[in-house]
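Q: I'll drop the sequence and a predicted model, then ask my questions.
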Amino acid sequence: MTNAARTVHFKIYRYDPDQDAKPYMQDISVEIESTDRKLLDAMVKLKAQDDSISFRRSCREGVCGSDAMNINGKNGLACLTAMDSFPEGKPIVLRPLPGLPVIRDLIVDMTQFFKQYNSIKPYLINNDPPPERERLQSPEDREELDGLYECILCACCSTACPSFWWNPDKFVGPAGLLAAYRFIADTRDQATSDRLDDLEDPYRLFRCHTIMNCVDVCPKGLNPTKAIGKIKEMMVRRAV
Amino acid sequence: MKRLVVGAHYGLMDWLAQRVTGVLMAIYTVIIFAAMLGGATASREAWQAFMANGFIRFITFLFIISLCYHAWVGVRDIWMDYVNPAAMRVILHVLTLLALVGYAGWAVQIIWRL
């Protein structure tokens, strides 16, 4: 295998509030090698070339969720996006996650996102004294948590959701609702009814109009829309 | 003081009603299209006789009520999504309700006249 270098063109959203009056798009190119397989690899090269370009990254393998950004118009993780997935000759357009305040370049302020996540009490509520070893579940009950616990809170889904754009202060958003269902579905949790009470609200849950942008962008292949549907189904079962 | 408040604790019944009314309207649409293919609209007299049928009147009334409820939830959702000042939302909600009640009354009057 050759390590042939090739040039990749980028169009990157730049904004440094200390220097720039307003954001602008910068055209920039970088030489990458065939070993630079993922977008994040190319961006690290870019950063070496111009260290004023700012973005978050940490684990570089889709576990930490730091490098979520808008890549060619679609939210995703730079570390999971393959360089060969881009069409040849066209610049790769990178923008920060939409709908959240920009701190600098591709770094956004996630406060609102985590506020919503915290609002669903993302922890097990069980008032029984802890058993000596652990709280057990049957394999079937445990299975219900698959597709829920894997969320890495990268915010790709919530920031792709128009309902979250218009009401980020009131709508929990797909990531928060997926996490909410993760605890509602957990047989070890004792606050199911309180959790449903908290979500039964025209804004907190029912702003979801099932357009499924969240499912389309989730880099972990999760399905927040399905989880939201299950929350609604549980509410119906409780009410009728 | 402007504190953010959420927790109105409604929404499930509206969400469910929107689904149910949607299904009702879809069924009604199929019935009407089938009737049209069957020649119910061939002439004014045929159309009038079709609409004067008790069962058709019954389901047409259900259709109108479904349409209004469905539209109420949908239009209200749009106001809630895009209109931020609460006073403005109240005004729009009231206007929407008044318009829908007016339309429903008008439609009922038309069916009953047949």
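A: Arrived safely, thanks for sending. Everything quoted here is computed from the prediction, not taken from an experiment. Residues are numbered from 1 along each chain as shown, chains lettered A, B, ... in the order given.
Q: secondary structure element holding residue 89?
A: No chain was given, so I picked chain A. Using DSSP states H and E, residue A:89 sits within no helix or strand.
Q: to clarify, I was referring to chain B.
A: helix B:86-113.
Q: go on, residue B:31?
A: Short version, using DSSP H and E: residue B:31 is in helix B:12-37.
Q: and that helix, anywhere near chain A?
A: Yes. Using Cβ under 8 Å from any Cβ of the partner chain, helix B:12-37 reaches chain A at B:12-16. Quick note: C-beta positions are derived from backbone N, CA and C, even for glycine.
Q: show me what secondary structure element comes after that helix.
A: Downstream of helix B:12-37 (by DSSP H and E), the next one is helix B:44-52.
Q: buried set for that following helix?
A: B:47, B:50-51 (16 or more other Cβ atoms under 10 Å in any protein chain shown).
Q: on that earlier part again, which helices and strands does the helix holding residue B:89 pack with?
A: helix B:54-82 (3 or more Cβ pairs under 8 Å, 6 or more residues apart in numbering or on different chains; DSSP states H and E).
Q: for the helix it packs on, the distance to its chain's centre please.
A: 2 Å (Cα atoms, centre = their mean, to the nearest Å).
Q: measure residue B:108 to chain A for me?
A: 29 Å (Cβ to the nearest Cβ, to the nearest Å).
Q: that residue against residue B:63, yeah?
A: No. With contacts counted by Cβ atoms under 8 Å, residue B:108 stays clear of residue B:63, the gap being 11.4 Å.
Q: the residue lying closest to residue A:114 once chain neighbours are set aside: neighbouring residues, count only.
A: Nearest residue to residue A:114 in three dimensions, chain neighbours excluded: residue A:153, at 7.8 Å (Cβ to Cβ, 6 or more residues apart in numbering or on different chains). A count of nearby residues for residue A:153, using other Cβ atoms under 10 Å in any protein chain shown, gives 19.
Q: kindly report the residues of chain A close to chain B.
A: Counting by Cβ under 8 Å from any Cβ, chain A sits next to chain B at A:162-163, A:166-167, A:169-170, A:197-198, A:200-207, A:209, A:232, A:235-236, A:239.
Q: could you measure from the most centrally placed residue in chain A over to chain B?
A: Nearest residue to the geometric centre of chain A (Cα atoms, centre = their mean): residue A:155, 2.5 Å. Separation of residue A:155 from chain B (Cβ to the nearest Cβ): 20 Å.
Q: so what's that residue up against?
A: A:65, A:68, A:97, A:100, A:110, A:113, A:175 (Cβ atoms under 8 Å, 6 or more residues apart in numbering or on different chains).
Q: mind redoing it with 7 Å?
A: By Cβ atoms under 7 Å, 6 or more residues apart in numbering or on different chains, the contact list for residue A:155 reads A:68, A:97, A:110, A:113, A:175.
Q: pLDDT weak spots in chain A?
A: Residue ranges of chain A with pLDDT under 70: A:1-3.
Q: likewise chain B?
A: Using pLDDT under 70, chain B drops low at B:1.
Q: what angle do the helix holding residue B:89 and helix B:54-82 make?
A: Direction vectors for helix B:86-113 and helix B:54-82, defined by axes from the mean of the first three to the mean of the last three Cα atoms, to 10 degrees, enclose an angle of 170 degrees.
Q: show me what counts as buried in helix B:86-113.
A: Buried residues in helix B:86-113 (16+ other Cβ under 10 Å): B:92-93, B:96, B:100, B:104, B:107, B:111.
Q: return the closest of those residues with respect to chain A.
A: When those are compared for distance to chain A (Cβ to the nearest Cβ), residue B:93 comes out closest, at 11.7 Å.
Q: quick one: contacts for that closest one?
A: B:76, B:79 are the contacts of residue B:93 under Cβ under 7 Å, 6+ apart.
Q: and the gap between it and residue A:17?
A: 39 Å (Cβ to Cβ, to the nearest Å).
Q: count the residues that sit near the residue nearest to residue A:177 when sequence neighbours are not counted.
A: Of all residues not flanking residue A:177 in the chain, residue A:228 sits nearest, at 5.0 Å (Cβ to Cβ, 6+ apart). Neighbour count of residue A:228, defined by other Cβ under 10 Å: 23.
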